[in-house]
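Undergrad: Fold the following.
(chains A and B)
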Amino acid sequence: MKRILIHSLLSIGLAFLFQLFTPWWGVVIATAIISFIIRLKGISVFFTPLLSIGLLWSIQAYSISNANDFILAEKIAVLLPLNGSVGALILVTGLVGGIFGALGSITGRSLKVLVS
Amino acid sequence: MKLIKFIISAALTILLVYAADRGWGTLPAIGHFISPQSGFWQNDQSESPETELNLSGLQSEVTVHYDSELIPHIFAQNDTDLYFAQGYITAKHRLWQMEFQTYAAAGRLSEIIGEKAIEYDRGQRRKGMVFGAQNAINEMLQDPVLTRRLNAYSDGVNAYIESLDSEEYPVEYKLLGYSPEKWKPEKSALLLMYMTDMLAGRDEDLENTNFLSLFGRETFDLLFPDFIADQDPVIPRERDWSDFGTVDRPESPEGVSKAIVQTKEVLDKPDPDNGSNNWAVNAEHSENGNPLLANDPHLGLNLPSIWYVMQLSAPDHNVMGATLPGALGIIIGFNDRIAWGVTNATRDVKDWYRIEFEDETKKRYRYGEGWRDIREVIETIQVKGGQAVLDTVRYTHYGPITYDENFKGNGRENLAMKWIGHLPNSNQNTFLSLNRAKNYDEYVAAVSTYTAPAQNFIFASKDNDIALWIQGKIANKFNEQGKFVLEGSNPYNEWQSFIPQEHNPHVRNPERGFVSSANQHPTDENYPYYVYDPTYETYRNRVINNFFRSKETFSVQDFKDLHNNNFNLKASEVLPTLLPLIESEITSNTEGYFSTLSSWDYYNHTDAIGASIFEALWNEYYTMVWDELTESDLALQLPDSYQTIWLTKYHSRHEFFDLQSSAETEDAAAIARLAFNEAAKKLDAFKKSGKSLDWASYKGTQVGHLLQALPAFSRFDIPIGGNKGIVNATSKTHGPSWRMIVELDSETKALGVYPGGQSGNPGSRYYDSMIDTWAAGDYYELIYLPNSQAISRYHFNNRT
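TA: A predicted model of the protein is given here:
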């Protein structure tokens, strides 16, 4: 459990840093690196970054949009279409980030297995 | 096994990253678009003002104050810096729009939105939009001062573009997956071309020619007269033109056939309601003793709004008003001496010539006794996600052959366009000179070089001059020249000359104490040159002029009331004729509608149910009367409402009243009854859908995003009265796109509002912040700062 927590915190930290200078898919590399270093077992290789990166993106999205009364989020939630639900939009954002985080994690882990 | 696992997971990851990093059809690149770090979330913010611009490229300090509606007040120390700052600030708030409009002008939308725009783009190329813009920019670059200003504006726009990281791009770029390109002075010319097309791009020559061949001369003249009895022209009828002496007007050629070609398919036309109101009174007719001026241009209602409001100040001038993102200076506005405005002065400035080729190679065409060479232009239309499309456009000395066997028309004939929009011009200079004009003479000097789209330039000054010049470069035509398709081989059919500029109709300080225009006839029949346009307005102008004749003095409140005047003159002129015709056949189903309509006061106020019933009735009636024309295989235009009403009153048994689809022979009365019953059914259906029949709900005014009215970025069901043909000309998707009232007191005072907001960002609170104020008929004070320091008198940015 502790390992999962450390993995999560490090993934969030590194993904946050990477995003400052890489394209959006920097999160994939971040979780790949963390999973290369920190060994997770079984399905937690997938679900830990799904939740941690998902959380990162959701919180970032929420905090940016909240500062502006969700003006654009409400419109994009009509466009995508999510029936105008900002909550759903934030969830989808987290899910997309989380899935890519998870993909990076699996790749990093399988590389570790390969080279060790 | 380990290797396979790694390869599979790595490949899957790369594949999905790739898939999410690019757009699919109309879907944006989902990974990029949704990422909080790079995607749309970054656009979820409202502008924060900056008071000082510190950019490389500026010569001196430039100060920008934003007021509470995000209107920038720019103070520069020289005009190069001023236009640099204008370019920078405009781009900062409207970059996507200003670029999109120039893409649209140039026929490049397929590059952004894909194959669905190909036909549109081909049309733009075949209209010679780039050809016209190129001719304009070549002319403009002859002028060193204008060149310096154009370059400064361009540099300003580019300084902003270069300051952006991709996550800072406006959200539309992210949605469509492209990046802004460098701005060039040519783009400013394209933007002006976009406006020229919108305002002077309409003609009905092909439809007139078709009508003539189908129904003959007598019917044509009956339904499409050049002048009408009720006209109240821009230049008062009292104007006597004898001071022109005998003017040199070409003789009409005798015995020439006018119905020379039949056309099935024509290009989409600009909205016939593109027009405007303006009026001004002098000090003697103003309650406060200060000249007053008002203007409200009627255009498609879009977001981001077509207008952007600014104050531009440099040591030699200080001007404020509305401008078009992409154009330099202020287009409609005021300074510390004068105010000016524009309405469209429609005139038939686009003509069509039938071209006869020497042979199938299409290299030469007949002209006079000989042949002339064609200039071939191969247009390449890049298409997002598809193959580039090539289209050959052949240019004659008249202009481009728009219609040929490969494009619309009748699939056979070659028709070349002669259009004022293609002529070299420095129209941009007119506005920059108006920005600096201090009196009547400087105003006349500014407008006198203006070519197109012809405008009714209204003017008022602190010297207590009021004036209106109808200015544009207008061909001096023989009678009916260009009303129908012309034979291109006959040199006599050329635009032989232009009306001398000083003979353009104008009026200064008329006895009646006011000047006004609303897209009606410029003059009465006695003006010695040939005047023709198929779309002269017949209602707003009479309401406006009657109002100014109704009393002696006028206040700012009167001006506001007139902007918001909802009187439906058309309804008042036709209902007294239609209602008695309908009354004899009222049923229990239609009784309620009939009594509401009978007691309606002809005002299209938001809550008027009578206005909705009238609209439903009129639409049915008009459609039924002209069924012969809408059902034809040929392209035809319908007579306007005014002429339809005239026919109803004075020729109620005309054969056009007979319905094609019925065995009986109908007259106007029978059509009125049928139309009323049909309207009642439509109104019932509307009510059944759960909506109210009050006028605002029935009309459903909307302001749509430029990108095909993308619903998420548009505003719907805006509660506002009015309609087309009413002074408050707000219809469903069209209306007063900027309302301005200026009082030339010792310190110029002004009010303004438009149906949008200063920011082009759908994520900004300033995106549509003025719409509700506009709909309510209210205004903002336009804070005209005498200098940068005067800022301390105002509380800016007081919104939280």
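Undergrad: what residues does chain B put near chain A?
TA: For chain B, the residues in contact with chain A (CB under 8 Å from any CB of the partner chain) are B:2-3, B:5-6, B:9-10, B:12-13, B:16-17, B:20-21, B:30-32, B:34-46, B:171, B:175, B:710-713, B:761-765, B:767. To be clear about C-beta, it is placed using only N, CA and C from the backbone, and glycine gets the same treatment.
Undergrad: Tell me the pLDDT of B:Gln795.
TA: Not Gln; residue B:795 is His. On pLDDT, B:His795 comes in at 55.
Undergrad: same question but for A:Ser11, I mixed them up
TA: A:Ser11 is given a pLDDT of 95.
Undergrad: cool, B:Thr51 as well?
TA: For B:Thr51, pLDDT reads 63.
Undergrad: any idea which element the residue nearest in space to the middle of chain A lies in?
TA: By CA atoms, centre = their mean, chain A has its centre lying nearest to A:Ile53, at 2.0 Å. Assigned by DSSP states H and E, A:Ile53 belongs to helix A:44-66.
Undergrad: same deal with B:Arg673?
TA: helix B:668-688.
Undergrad: tell me what the next helix or strand after that helix is packed against?
TA: Once helix B:668-688 ends, the next helix or strand along the chain (criterion: DSSP H and E) is helix B:695-699. If you count contacts as 3 or more CB pairs under 8 Å, 6 or more residues apart in numbering or on different chains; DSSP states H and E, helix B:695-699 packs onto helix B:609-625, strand B:715-718.
Undergrad: buried sites along the strand or helix carrying B:Gly132?
TA: Using DSSP H and E, B:Gly132 sits within helix B:129-140. Neighbour-count burial for helix B:129-140, counted by 16 or more other CB atoms under 10 Å in any protein chain shown, picks out B:129-137, B:139-140.
Undergrad: now stretch B:584-601
TA: Neighbour-count burial for stretch B:584-601, counted by 16+ other CB under 10 Å, picks out B:586, B:590, B:593-594, B:596-597, B:600.
Undergrad: thinking again about what came up before, give me the distance between the helix holding B:Arg673 and the centre of its chain.
TA: The chain centroid and the centroid of helix B:668-688 are separated by 33 Å under CA atoms, centre = their mean, to the nearest Å.
Undergrad: in it, what counts as buried?
TA: B:668-680, B:683, B:686.
Undergrad: Might one say that A:Phe16 is in contact with A:Leu56?
TA: Yes - taking contacts as CB atoms under 8 Å, A:Phe16 lies within contact range of A:Leu56: 6.5 Å.
Undergrad: Which of these two has more residues huddled nearby?
TA: A:Leu56 (26 against 16; other CB atoms under 10 Å in any protein chain shown).
Undergrad: Just list the residues touching the more buried one, thanks.
TA: A:12, A:15-16, A:27, A:97 (CB atoms under 8 Å, 6 or more residues apart in numbering or on different chains).
Undergrad: Mind checking which of the residues you listed are buried?
TA: If we count by 16+ other CB under 10 Å, the contacts of A:Leu56 have these buried: A:12, A:15-16, A:27, A:97.
Undergrad: Filter those down to the ones in helices?
TA: The helices, defined by DSSP state H, take in A:12, A:15-16, A:27, A:97 from those.
Undergrad: For B:Met740, grab phi and psi.
TA: B:Met740 has phi and psi values of phi -140, psi 140 when expressed as degrees, to the nearest 10.
Undergrad: hmm, back to that, among the residues of chain B next to chain A, which ones are buried?
TA: Judged by 16+ other CB under 10 Å, buried ones among those: B:5-6, B:9-10, B:13, B:16-17, B:20, B:30-32, B:34-46, B:171, B:175, B:710, B:712-713, B:761-765, B:767.
Undergrad: Is B:Asn566 in contact with B:His605, as I believe?
TA: Yes - counting by CB under 8 Å, B:Asn566 touches B:His605, with 5.4 Å between them.
Undergrad: Mutual contacts of these two, please.
TA: Contacts common to B:Asn566 and B:His605, judged by CB under 8 Å, 6+ apart, are B:Gly721.
Undergrad: More neighbours: which of the two?
TA: Between B:Asn566 and B:His605, counting by other CB under 10 Å, B:Asn566 is the more crowded of the two (21 against 18).
Undergrad: any idea how far B:Met320 is from the more buried one?
TA: Using CB to CB, to the nearest Å, B:Asn566 is found at 29 Å from B:Met320.
Undergrad: Quick one: end-to-end distance for stretch B:499-509.
TA: 23 Å (CA to CA, to the nearest Å).
Undergrad: is B:Thr63 in a bridge, and if so with what?
TA: B:Glu52, B:Phe75 (DSSP bridges).
Undergrad: And it, what's its pLDDT?
TA: Per the predicted model, pLDDT is 92 at B:Thr63.
Undergrad: Over to B:Asp348?
TA: 96.
Undergrad: now the one 4 residues further on
TA: Per-residue pLDDT puts B:Trp352 at 98.
Undergrad: right, and it touches B:Glu204 too?
TA: No - at 10.5 Å, B:Trp352 does not count as touching B:Glu204 under the criterion of CB under 8 Å.
Undergrad: higher neighbour count, those two?
TA: Each of B:Trp352 and B:Glu204 has its neighbours counted (other CB under 10 Å); B:Trp352 has more, 28 against 23.
Undergrad: Please give me every residue in contact with the more buried one.
TA: B:Trp352 makes contacts with B:203, B:205-206, B:415-418, B:482, B:485-486, as judged by CB under 8 Å, 6+ apart.
Undergrad: Which ones among those lie within strands?
TA: Using DSSP state E, the subset of these located in strands is B:415-418, B:486.
Undergrad: want to throw the residues you listed into a markdown table with pLDDT, distance to B:Ala616 and neighbour count?
TA: A markdown table is the format used below for these (pLDDT from 0 to 100; distance: CB to CB, whole Å; neighbours: other CB atoms under 10 Å in any protein chain shown):
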| residue | pLDDT | distance to B:Ala616 | neighbour count |
| --- | --- | --- | --- |
| B:Leu415 | 97 | 38 | 26 |
| B:Ala416 | 98 | 43 | 25 |
| B:Met417 | 98 | 38 | 24 |
| B:Lys418 | 98 | 41 | 23 |
| B:Leu486 | 97 | 41 | 25 |
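Undergrad: The residues you listed into a markdown table, with extra columns for distance to B:Glu111?
TA: Below are those laid out as a markdown table (distance: CB to CB, whole Å):
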| residue | distance to B:Glu111 |
| --- | --- |
| B:Leu415 | 28 |
| B:Ala416 | 27 |
| B:Met417 | 24 |
| B:Lys418 | 29 |
| B:Leu486 | 35 |
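Undergrad: Out of those residues, the closest to B:Glu218 would be?
TA: Set against B:Glu218, the nearest of those by CB to CB is B:Leu486 (22.0 Å).
Undergrad: Any idea what that closest one is bridged to?
TA: Counting by DSSP bridges, the residues bridging with B:Leu486 are B:Tyr353.
Undergrad: List the residues that contact the residue in the stretch 301-450 of chain B that chain A sits nearest to.
TA: Residue nearest to chain A within the stretch 301-450 of chain B: B:Leu303 (11.0 Å; CB to the nearest CB). Residues in contact with B:Leu303 (CB under 8 Å, 6+ apart) are B:703-706, B:713-715, B:756, B:762, B:767-768.
Undergrad: circling back to that earlier point, now, which of the buried ones among the contacts of A:Leu56 lie close to chain B?
TA: Among the buried ones among the contacts of A:Leu56, chain B is touched by A:Gly97 when using CB under 8 Å from any CB.
Undergrad: next one: the longest strand seen in chain B to chain centre, how far?
TA: Identified as the longest strand of chain B according to DSSP E is strand B:292-300. Chain-centre distance of strand B:292-300: 12 Å, with CA atoms, centre = their mean.
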